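[1] Predicted model and sequence follow; I will ask about them next.
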Amino acid sequence: MSMIRFEHVTKEFAGGKRVLDDVSYEIDKGEIFTIVGPSGTGKSVSLKHMIRLLTPTSGRVWIGDDCVSEASGRDLSRIRSRFGYLFQSAALLAWMNVEDNVALPLREKTNLTEREIAEKVAAALEAVGLSGEGAAYPADLSGGMQKRAGLARAIVTQPEIVLYDEPTSGLDPVTSRRIDALIADLSARLGITSVVVTHDLQGALAISSRIALLSRGRVLCIEPPDSFSRSTIPEARAFLDAQGIRPSGA
Amino acid sequence: MTITREAPILPVPSGPLQRIGQRTIACIAETGRAATICFASVAAMRHAFAPRARAEIVRQLYVCAVKSVPVVSVVAFFIGMILALQIGIELRVYNQEGLTGSAVMASMLREMGPFMSGLVLAASVGAAMAAQIGTMTVNEEIAALEIMDIDPVRFLVMPRMAAMAIAVPMMSFYTCVLGVLGGALVSHTQLAVPWETYFRNAMDFASVKALWVGLFKAFLFGFIIVTVSCYEGFRTTHGAVGVGRATRRSVVSNFLMILVVGYFVTRLFY
């Protein structure tokens, strides 16, 4: 059974700008599903629909058996508790240190003792390679470290689904590959369903179960990495060529 | 309460009348939203005694009250001095400069204390609040809180509101005291009013009603400043430019609201 399902989702913003146009796809439990495509084609908008930061103009978004696009109140809270979300900007609270940022969802939403919270925070920070940085404030961290701290906060509640909005944007290639490895590792180790929005095709081809290409609000193709890298769809080809990726065996 | 929201899609107005109608409806809706933030924050006060909330309220109290002491002190002292000088010069024409203390005390307690503390805190603390929450909004920190199912009103607005509901009346009382002292200095040095005469007349006019009405006004101003500033912060869009715009809007709206509400409270009690 699919974990996330888009059913004919259309999204229009003020001024009649259509960002998603009759989009339908399914994401299976435990897979790493990557959405790629040029800027402004609705990748982040898709992600925000999964967690009801945006509501479709028409169509539905399902999370398991729950229709998130029509949920509100406690139902929405329950659905959102299944998610972790890594924002493009990491969205760490500036006045809290890394430890407190990571501990925040546990302190606010669980009845765990401070000792239990400290153990979970330490484990999450270790998982993202930030042990020893707990006392630092977000402003003292590099972009990559902030992203990893944001990732630690996203996984500390052990969610079923983690959404990654441009996890490697603005990072150097070494840090980007480290983040990719982290996403793959978390998915394999904890069985997390991951949805990644990115421009970084190198990373997408390396870690994804399937890759969806979004262009002008429409899904042009959904392929496993091998097929995607051999794609003959002009938009996909242009995207691959622009990043210097040749078809396997070419 | 859900803070992160989408701009409503409205049909393109077919004429000026429809445009005015749309703007009026939007204005009413936004006022309702600000009022909802205020009520939701008051309702969230039931969480104010939880240890973490208590710590945050104390931190906010330090930011709102203690850090505002220097600017409030200067403003209060000079307001008292200006009042005493202007009133004393006029009273001297009738050889009544000895009554300067009563006029300064009555003005400070009834109007100037709550007004000046409200305006100073709106310009300093309120503007900072709008800028901070506006920055959090454009950095998606508010959205992050909502995704973690943490209510931004309970987490961010309530501690600020509790702190300002205490801080503004405290600062108002402090403004009154310093204003009367400033007036005393000018009365004694510029108008040759003996200290004893000044303070005796001042205390004769220090009515309990004036004090309580003044503190009540200040209490309301605290609610207004937090509601307006946080509301403006939450509706921030368009990055740094938007943060600047939200800060300016919060200061202007706070000033207007303080003046209008201040008048109606005075009208209600006098």
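    Sure thing, it's come through.

[2] Any idea which residue is closest to the centre of chain A?
    Centroid-nearest residue in chain A, with CA atoms, centre = their mean: A:Tyr164, separated by 1.8 Å.

[3] quick one: the helix or strand where it lies near chain B?
    Element membership of A:Tyr164 [criterion: DSSP states H and E] is strand A:161-165. No. Applying CB under 8 Å from any CB of the partner chain, one finds strand A:161-165 separated from chain B by no less than 8.9 Å. In this view, the C-beta of every residue, glycine as well, is placed from N, C-alpha and C.

[4] what's the spacing between A:Asn101 and B:Met148?
    11 Å (CB to CB, to the nearest Å).

[5] Who has more neighbours out of these two?
    Legend: neighbour count by other CB atoms under 10 Å in any protein chain shown for A:Asn101 and B:Met148, higher for A:Asn101 (26 against 21).

[6] any chance you could map the strands in chain A?
    Counting by DSSP state E, the segments of chain A that form strands are A:2-13, A:17-28, A:32-36, A:58-63, A:66-67, A:83-86, A:161-165, A:193-197, A:210-215, A:218-223.

[7] Would you reformat those strands as CSV and include mean pLDDT?
    Converted to CSV, those look like this (pLDDT from 0 to 100):
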stretch, mean pLDDT
strand A:2-13, 93
strand A:17-28, 92
strand A:32-36, 95
strand A:58-63, 95
strand A:66-67, 93
strand A:83-86, 92
strand A:161-165, 94
strand A:193-197, 95
strand A:210-215, 93
strand A:218-223, 92
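
[8] Quick check: which of those is nearest to B:Leu83?
    Evaluated with CB to CB, the strands of chain A place strand A:2-13 nearest to B:Leu83, the distance being 54.0 Å.

[9] just checking, what packs against the closest one?
    Using 3 or more CB pairs under 8 Å, 6 or more residues apart in numbering or on different chains; DSSP states H and E as the contact test, the elements touching strand A:2-13 are strand A:17-28, helix A:43-50, strand A:58-63, strand A:193-197.

[10] Who does that strand pair with, and is each partner parallel or antiparallel?
    strand A:17-28 (antiparallel), strand A:58-63 (antiparallel) (DSSP bridges).

[11] From the chain's centroid, how far away is the last one?
    To tie it back to what came earlier, the one meant is strand A:58-63. Here the centre of strand A:58-63 is set off from its chain's centre by 18 Å, with CA atoms, centre = their mean, to the nearest Å.

[12] Would you indicate which residues of the helix or strand hosting B:Val69 are buried?
    For B:Val69, the host element (DSSP H and E) is helix B:69-93. Across helix B:69-93, burial judged by 16 or more other CB atoms under 10 Å in any protein chain shown covers B:72, B:75-77, B:79-85, B:87-88, B:91-92.

[13] if we can go back for a sec, by how many degrees do the strand holding A:Tyr164 and strand A:193-197 diverge?
    Orientation check (axes from the mean of the first three to the mean of the last three CA atoms, to 10 degrees): strand A:161-165 against strand A:193-197 gives 10 degrees.

[14] CA atoms of strand A:161-165 as PDB?
    The C-alpha coordinates for strand A:161-165 follow below in PDB (Å, rounded to 0.1, in the frame of the first residue of the first chain):
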ATOM      1  CA  ILE A 161       8.000  10.000   6.800                       C
ATOM      2  CA  VAL A 162      10.700  12.700   6.400                       C
ATOM      3  CA  LEU A 163      10.400  15.400   3.800                       C
ATOM      4  CA  TYR A 164      13.600  17.100   2.600                       C
ATOM      5  CA  ASP A 165      13.300  20.400   0.900                       C
END
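
[15] residues in contact with it?
    Strand A:161-165 has contacts (CB atoms under 8 Å, 6 or more residues apart in numbering or on different chains) with A:3-4, A:44, A:47, A:50-51, A:63, A:82-88, A:151, A:154-155, A:183, A:186, A:192-198.

[16] Which single residue of chain A ends up nearest chain B?
    Distances between chain A and chain B by CB to the nearest CB are smallest at A:Ala91, namely 3.9 Å.

[17] Now do that residue against A:Lys11, distance only.
    For A:Ala91, the distance to A:Lys11 equals 22 Å [CB to CB].

[18] For chain A, give me the ranges with low pLDDT.
    A:1, A:247-250 (pLDDT under 70).

[19] Can you tell me the SS state at the spatially most central residue of chain B?
    By CA atoms, centre = their mean, chain B has its centre lying nearest to B:Gly118, at 3.5 Å. Under the three-state scheme (DSSP: H, G, I helix; E, B strand; the rest coil), B:Gly118 adopts helix.

[20] can you pull the pLDDT of it?
    Note on B:Gly118: pLDDT of 96.

[21] Relative to B:Leu178, how far out is B:Ala123?
    From B:Ala123 to B:Leu178 the distance is 18 Å (CB to CB).

[22] Which residue of the two possesses the greater neighbour count?
    Remark: of B:Ala123 and B:Leu178, B:Leu178 carries more neighbours, 22 against 16, as counted by other CB under 10 Å.

[23] check contacts around A:Leu20.
    A:9-11, A:42, A:45-46, A:49, A:56, A:217.

[24] what about A:Val45, how many neighbours?
    21.

[25] shouldn't it be in contact with A:Lys11?
    Yes. Counting by CB atoms under 8 Å, A:Lys11 is a contact partner of A:Val45 at 5.9 Å.

[26] which residues are in contact with both of these two?
    Residues touching both A:Val45 and A:Lys11 (CB under 8 Å, 6+ apart): A:19-20, A:54.

[27] can you list those residues in a markdown table and add distance to B:Ala131?
    Output for these, formatted as a markdown table (distance: CB to CB, whole Å):
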| residue | distance to B:Ala131 |
| --- | --- |
| A:Val19 | 30 |
| A:Leu20 | 33 |
| A:Leu54 | 26 |
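
[28] What segments of the stretch 51-200 of chain B are helices?
    Under the criterion DSSP state H, counting those that start in this stretch, the stretch 51-200 of chain B contains helices at B:51-64, B:69-93, B:100-107, B:113-121, B:127-138, B:141-147, B:152, B:158-190, B:195-204.

[29] which one of those lies closest to B:Arg23?
    The closest of the helices of the stretch 51-200 of chain B to B:Arg23 is helix B:127-138. By CB to CB, the value is 22.3 Å.

[30] That closest one - contacts with which helices or strands?
    Partner elements for helix B:127-138 (3+ CB pairs under 8 Å, 6+ apart): helix B:208-234, helix B:239-269.

[31] one more time with 10 Å
    Judged by 3 or more CB pairs under 10 Å, 6 or more residues apart in numbering or on different chains; DSSP states H and E, helix B:127-138 is in contact with helix B:51-64, helix B:141-147, helix B:152, helix B:158-190, helix B:208-234, helix B:239-269.

[32] what angle do the fifth one and helix B:51-64 make?
    Read it as helix B:208-234. 100 degrees.

[33] Now do the longest helix seen in chain A against strand A:193-197, angle only.
    Longest helix of chain A, by residue count under DSSP state H: helix A:173-190. If you take the same axes, to 10 degrees, helix A:173-190 sits at 160 degrees to strand A:193-197.

[34] So is helix A:173-190 next to chain B?
    No. Helix A:173-190 does not reach chain B (CB under 10 Å from any CB of the partner chain); its nearest approach is 17.7 Å.

[35] helices or strands next to that helix in the packing?
    strand A:32-36, strand A:83-86, helix A:114-127, helix A:143-155, strand A:161-165, strand A:193-197, helix A:201-207.

[36] The nearest residue to A:Gly64 once chain neighbours are set aside: how many residues sit nearby?
    Nearest residue to A:Gly64 in three dimensions, chain neighbours excluded: A:Met3, at 6.3 Å (CB to CB, 6 or more residues apart in numbering or on different chains). Using other CB under 10 Å, A:Met3 is surrounded by 20 other residues.
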